[in-house]
Each structure stands twice: as structure tokens, then as C-alpha cells.
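Trainee: no sequence on this one, just coordinates:
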């Protein structure tokens, strides 16, 4: 049991708190425990708090207001070397909604201001003129079997500079360009998605995959099958897909 | 030329006020003004006789209508004449309609005071036409995200309007609105002292908000209502004042009483959020020279329009419906809290539904995740019934995550009244609470009424 520990850094919980996103952390805890892991969650409370990258397996950034993107970039810049090493070691970062801009190359605000992101994901972010809210349904690029359902409240659009999309949109907007139908972005195990409103609660199979992958990355193979635990979520997805099909 | 156009718009408006009154009182609150605005874009700026020093705008996420009702009731009962949009028509059409109703045929406003509830998104535009100098901002919270995105979106819009020529009335214990203090010429702070309904949050998953001034974490020592309480920023010196100008103390919820500046007030409503409305109302009345005795008298007779609790009789069962806005975690939480305060055995029906505000309609259950549901489980709920075509499972999952036994939850992926009531019939308990959208409640209520009528006819 001693080795079977999953360490999660819940980054800036109070600052990134927009759409009931704390549910994502509850989902990581629940599913980690279903997989017989000891789940440790550390709250990174302020910009000055140092993150222990060595000890962390998954860093989680929830959706926040656009105004906090810049201070988060500045905070992480202070530990950029360790962050880069963390990423190059295939460790997980999951980032949701507007906070994705933190990891982009450049952010362009509606008032004309432009500033640099951390430049980890090969994409630029542009503030929209009007907000867009809808359901979203997409399939992962690296696992077409896996369909993800969620919501989008889009304040910024994302322009991918290379083919790094996390998924392909089946319903909804995705990154912003309707014709491209790309959703989110992925570099190594840095995962960005526009799907918010506890996406890990709604898609526990994806949560399970992230956890198993993060554990594998530190040499622990988890084989336990917990599929039967997700009956409710499967029914939920079907009900939402039915609702979506009526809109199309 | 413009003046002629104004008169045409005014006459059209007055005729429409007359005609819509014949058809329906409710429709008459917005349509006449909306037509007049079509004829002349800056129609509302053309009225004469408005003293902007005596013009009050009430904006913010929650509590606008109630506070407006209360302020207008108090001012009127103290003998003032007031033009207002009491019926919640808070867009430009509603304000135009109120001015049409309260003006002469030449467009001169007949009242001493104008007091309007103003939609926060329309505030900038409306204020550019009617530069009121008394601005009340009740609170800025998450709300209607498909339109607003995030609270900062509205914050930035309001920030543009506030100037040194205004008096701002600010909730001392709500960080976002309190931070407007630097922008105004004069600020009147109002607040409520810690009381028996105040609470702390010390759980691992509890979250607050970024400081409106420096973006670091805001910490609350305690809350009087959701997201409102004694606070300070972890980083900068921004915090709630120890003694706001109007400070309600010694709230006695049982006897509907409180003290303010050493005076005792007897009131008609005493839910925690109402106490803030009283505080704001006292702040305004003090500045408008209303005597304490007159405020007291008005408070003792105040009746709110459109209460939040309605009851349907269904056989032996009493279904208590609590109004909430699903896209607003504070109202959802306060509905949960209301139910939790009843420790009798009960059935709780939760009908969160897709959001049908603007296109596209979508499924949003996120704000249930902002709410703390644990207290519900300790309040003797015998059965939970989650219903909705699209999101019954999602709603149930929120309850399960809060530790509620899944065997106590019925999940009905339907909005059919018959099926919902069939499920309800299975359980003996007669004390029933219902949270759903207003249209869902109205449909259910009508169905039950028809059923009763049908029963009678059949006899």
C-alpha cells in the first residue's frame, strides 16, 4: 500500500473557482480510492507557495476568471525549470477552461493588451467579443473510443498552431473555429480542455485513465477494473446525448 | 426635431400603457417603453424634471427587486413620491415604461424621487441616459454564465460607469462590490454583524474567490450568507470594515427583530439575506432624510412582491416550492439551506433542468457543485427524487458525491407530471419540498389543479 499513493496538486482552489469545478477534485479522490490508491491532495493556496514537483503526480488547474491568467503565468514562471522538467518527465497537468491560456504562447485581450503565456502548448488565445455557452461532445484523438461530454462557457478562443488537439468535436464549439472542430490541446501529458462544469465527474472513465496513466508513469501498473461503478454516469451521458440530438 | 420625436414616442407609450393594461397588467411593465425606445433611441434621457441627486439605481446579482420594493415602500410610506419599476422590469424598456407612467403629457416626471432596479448588463447604457447619483450595488456573484461568463465581466462593465460624482451604497461584507470604494466620491457602507445564522467554512473542499484588488485569495472569518461575511485578503490590505456606516446588530431571527445604530426594528421577514436588504434600505433612507420612526413603521408593514415560497396541496401531501435560479449558486444554496432548516421528516424533489435562457439551450448542473449539500442529509430527508429528461442522473450524482446513500434516491429521467407524482405517491411522508425552475413548478401545480378539478367533475 505504501507505494500506491496518488499525489495531486490542486492549484489555486480559491482563485480558480468558477463553475463548481471543485467537483473535479472530488472525482479524482473518489476514483483514485476506487482504484485502491491513497489519494493525497495538496491545495496550492497562493501564488507564492512553492509547488513540490517531485512529489506531485497530477497538477490540476480549474477554470477561473480571465483576469487571473496573468498572475498565474507569473507565479509559475518562478518555477519554470522545475515545471519544464515535470512536463518532460511525462507527468500530468490537467487544465480546464480559460485557465488553458496560462499554458499558451500568447494571450490577446479584447482591449488590445497582449501578454505571453508559459508557451508550453503551441497555441494562442484570443478573448471573444461575446460569450458562448453550450454543451460539448468530443472524442479523444489518441483514443477514439473515448467520448467526453461536458459544457463550455467560452470567453477566449484557442488557435492551435500545430496539430495538438486533445479531441475532435462531435457537438459544440471546441476551441473556437467551427470549421476546424478541434477541442482542447495536448502536449505530452499536459491536457487542456474547454469542457468545464465537473468534467471529471461526468466522464469517470477519463478520470480513471488519467489516474492509471499517472501511476504508470511512476512505475505502478493498476489493473483493477472499476467499469461497473460508472453505471449512473453512463446513463447520464446517454440522457445528455439524447438532449443534444434534439438540438441538432 | 428630436423633441417632436420624443413627444410622439411618449404619446405612443402612454397609449400602449393604457391598452396593455386592458389586456394584462404584467405585460404592461415593459412593452410600452420598449416601443418608445424604438422610436427614439435615447428616449429616457429626454424626460424633464428628474433630480439626479434624488435618483437611485439598484443593481447587482441578487436582491435587486426585493431591495427596490423595500426602498420604494419605505420612501412612499414616509410621504415621498417615487417613480419606479417595481415589477422587476429592469431593462431599458421597463424603466422607460415607469417614466411614461409617472410623467405629464409634456414629459415632465411628476415624482420627487426616481428609484429603479437596473439590470447589471444594461447598467452602463441606462446610466448614460439617466445619470443617477445614488448607486446601490447589492453583490456580484456567478450568474447566467451563458450571458455573463464570469463575475468579472459584469464587474468591469460597472467599473466603467462609477465616478467621483456618485454616492455608492456598498455591501461591506461582499468583496467584489466593496472594492468599488476607490472609484466613488462618497461611499456609504452597510453590513450585518455576526449572528446566530452566521457560519464558518473549514472543510477541505471549501473555496472562496480571488481578491478584486490584487487577485490573491480572499479569506472569510465567517459568513452571514453565502459568499458574504467578514473577510480579508491574504495578500493586500483589502478587508471588510469593522464598523460600517449602517451596521445591523443583535438580529433576533425568532422574533423578527434587529438593532441598527441603537434603534430597534421589528420586521416582517427575517431570512439572513433579507437583513442585508434592510441595511441597504436604512442607508438610503438616512441619506434621503427619512426619520427613523418612519423607517420602522414602514418595515413593520412591508410585504414583498413575489415571495420565494409557494405551496401546493396534493392529497394529504403539502408540496413546498422554493424559487431558485439554477444558474446562480447563491440562490440554489439558500434553497438547500431553507430545506435543511426543517428537521421534520421530508421528501425532497430536485428538478434541475437544462438552461433555456438563450440559444443554444444547454445542460448546466455545475452550480450544484458549488453548493454544500451535507446539511440536507442531516435534516431527516426520507427520500430524494431527482427528475429531468436530461440531467436527472447528473443531479443524483451530486447528491451521491455529498455522501447521500444512492438507495435513498429515485432517478426519473422525465419531466412528465404523471410519472413524477406516481413516484411521489410511493412514499408516505406528507412533508414535501420541491426545487425546480418556475415553469416546471407552474406546470406541476396546474396538473395537480386539473387533476383535482377532474376528480370533482367525475364525482
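Mentor: Here it is on my side, so go on. Quantities reported herein were computed from a predicted structural model and do not represent experimental measurements. Numbers count the residues shown, from 1 in each chain, chains lettered A, B, ... in the order given.
Trainee: low pLDDT regions in the stretch 1-150 of chain B?
Mentor: Low-confidence segments of the stretch 1-150 of chain B (pLDDT under 70): B:25-27.
Trainee: point me to the residue of the stretch 251-400 of chain B nearest chain A.
Mentor: Residue of the stretch 251-400 of chain B nearest chain A, by C-beta to the nearest C-beta: residue B:369 (2.8 Å). Where C-beta positions appear, they are placed from N, C-alpha and C, glycine not excepted.
Trainee: for chain B, what's the nearest residue on chain A?
Mentor: residue A:20 (2.8 Å).
Trainee: per-residue pLDDT of the spatially closest residue to that residue that is not a sequence neighbour, please?
Mentor: The shortest distance from residue A:20 to any non-neighbouring residue, by C-beta to C-beta, 6 or more residues apart in numbering or on different chains, is to residue B:369 (2.8 Å). Looking at residue B:369, its pLDDT stands at 95.
Trainee: quick check: phi and psi on residue B:369?
Mentor: phi -80, psi -20 (degrees, to the nearest 10).
Trainee: does chain A sit close to stretch B:226-244?
Mentor: Yes: shown here: stretch B:226-244 in contact with chain A (C-beta under 8 Å from any C-beta of the partner chain) through B:234-235.
Trainee: quick one: end-to-end distance for that stretch.
Mentor: Chord length of stretch B:226-244, first to last residue, is 19 Å (C-alpha to C-alpha, to the nearest Å).
Trainee: hang on, the earlier thing: doesn't residue B:397 make contact with the residue nearest to residue A:20?
Mentor: No: using C-beta atoms under 8 Å, residue B:369 makes no contact with residue B:397, being 9.8 Å away.
Trainee: give the buried residues for the host helix or strand of residue A:242.
Mentor: Assigned by DSSP states H and E, residue A:242 falls within helix A:231-247. Neighbour-count burial for helix A:231-247, counted by 16 or more other C-beta atoms under 10 Å in any protein chain shown, picks out A:232-233, A:235-237, A:239-241, A:243-244.
Trainee: near chain B, list only the ones from these.
Mentor: Restricting these to those near chain B by C-beta under 8 Å from any C-beta leaves A:232-233, A:235-236, A:239-240, A:243.
Trainee: pLDDT added to those, as JSON lines?
Mentor: As requested, these are exported to JSON lines (pLDDT from 0 to 100):
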{"residue": "A:232", "pLDDT": "97"}
{"residue": "A:233", "pLDDT": "97"}
{"residue": "A:235", "pLDDT": "97"}
{"residue": "A:236", "pLDDT": "97"}
{"residue": "A:239", "pLDDT": "96"}
{"residue": "A:240", "pLDDT": "96"}
{"residue": "A:243", "pLDDT": "96"}
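Trainee: quick check, residue A:165 in contact with residue A:191.
Mentor: No: judged on C-beta under 8 Å, residue A:165 makes no contact with residue A:191 at a distance of 11.1 Å.
Trainee: who touches both of the two?
Mentor: By C-beta atoms under 8 Å, 6 or more residues apart in numbering or on different chains, residue A:165 and residue A:191 have these common neighbours: A:184-185.
Trainee: shaky segments in chain A?
Mentor: In chain A the weaker segments, taking pLDDT under 70 as the threshold, are A:1-3.
Trainee: could you pull out the strands for it?
Mentor: A:5-11, A:38-44, A:58-61, A:92-96, A:106-108, A:114-116, A:123-140, A:143-160, A:167-171, A:182-183, A:185-187, A:190-193 (DSSP state E).
Trainee: contact partners for the residue nearest to residue B:208 when sequence neighbours are not counted?
Mentor: Residue nearest to residue B:208 in three dimensions, not counting chain neighbours: residue A:14, with 4.3 Å by C-beta to C-beta, 6+ apart. Applying C-beta under 8 Å, 6+ apart to residue A:14 gives the contacts A:45, B:207-210, B:217-218.
Trainee: run the last query once more with 10 Å
Mentor: A:43, A:45-46, A:64, B:206-211, B:216-219, B:234 (C-beta atoms under 10 Å, 6 or more residues apart in numbering or on different chains).
Trainee: please name the residues that touch the residue nearest to residue A:203 when sequence neighbours are not counted.
Mentor: Using C-beta to C-beta, 6+ apart and skipping residues adjacent in sequence, the residue nearest residue A:203 is residue A:148, 5.0 Å away. Residue A:148 is in contact with A:136-140, A:166-167, A:170, A:183-184, A:193, A:195, A:199-200, A:202-203, A:205-206, A:237, counting by C-beta under 10 Å, 6+ apart.
Trainee: let's see that with 7 Å instead.
Mentor: A:138, A:140, A:167, A:195, A:199, A:203, A:206 (C-beta atoms under 7 Å, 6 or more residues apart in numbering or on different chains).
Trainee: ditto for residue A:64
Mentor: A:15-18, A:98-99.
Trainee: contacting residues around residue B:417?
Mentor: Counting by C-beta under 7 Å, 6+ apart, residue B:417 makes contact with B:443-444, B:447.
Trainee: what of residue B:279?
Mentor: B:190-192, B:246, B:248.
Trainee: that one: which element?
Mentor: Per DSSP H and E, residue B:279 falls inside helix B:272-287.
Trainee: from the chain's centroid, how far away is the helix or strand just after that helix?
Mentor: The helix or strand immediately downstream of helix B:272-287 is helix B:292-301, counting by DSSP H and E. Averaging C-alpha positions (C-alpha atoms, centre = their mean, to the nearest Å) puts helix B:292-301 22 Å from its chain's average.
Trainee: quick one: contacts of helix B:292-301?
Mentor: B:73-74, B:77-78, B:263, B:265-268, B:278, B:282, B:285.
Trainee: and those residues, which of them are in strands?
Mentor: Of the contacts of helix B:292-301, the ones assigned to strands by DSSP E are B:263, B:265-266.
Trainee: count the neighbours of residue 137 for me.
Mentor: In the absence of a named chain, this looks at chain A. 21 (other C-beta atoms under 10 Å in any protein chain shown).
Trainee: meant chain B actually
Mentor: Around residue B:137 there are 27 residues (other C-beta under 10 Å).
Trainee: repeat that for residue B:22.
Mentor: Neighbour number of residue B:22 under other C-beta under 10 Å is 8.
Trainee: just the contacts of residue A:64 that are near chain B?
Mentor: A:15, A:17-18 (C-beta under 7 Å from any C-beta of the partner chain).
Trainee: dihedrals phi and psi, residue 50?
Mentor: Just going to use chain A. Note on residue A:50: its backbone torsions stand at phi -80, psi 140 [degrees, to the nearest 10].
Trainee: switch to chain B, that's the one I care about
Mentor: Dihedral pair for residue B:50: phi -90, psi 130, per degrees, to the nearest 10.
Trainee: how close does it get to chain A?
Mentor: Between residue B:50 and chain A the computed distance is 33 Å (C-beta to the nearest C-beta, to the nearest Å).
Trainee: and what of residue B:172?
Mentor: Taking C-beta to the nearest C-beta, one finds residue B:172 at 20 Å from chain A.
Trainee: isn't that residue right up against residue B:243?
Mentor: No: with contact defined as C-beta atoms under 7 Å, residue B:172 does not count as touching residue B:243 (9.1 Å).
Trainee: and those two? Which one has more around it.
Mentor: The residue with more neighbours, out of residue B:172 and residue B:243, is residue B:172; 28 against 9, by other C-beta under 10 Å.
Trainee: how about the contacts made by that one?
Mentor: B:178, B:189-191, B:240-241, B:244.
Trainee: next, count neighbours for residue 91.
Mentor: Went with chain A since none was named. 21.
Trainee: let me rephrase: I mean chain B.
Mentor: 19.
Trainee: just the buried residues out of the contacts of residue A:14, in PyMOL syntax.
Mentor: Buried residues within the contacts of residue A:14, by 16+ other C-beta under 10 Å, are selected in PyMOL with:
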select buried, (chain A and resi 43+45+64) or (chain B and resi 207+208+209+210+211+216+217+218+234)
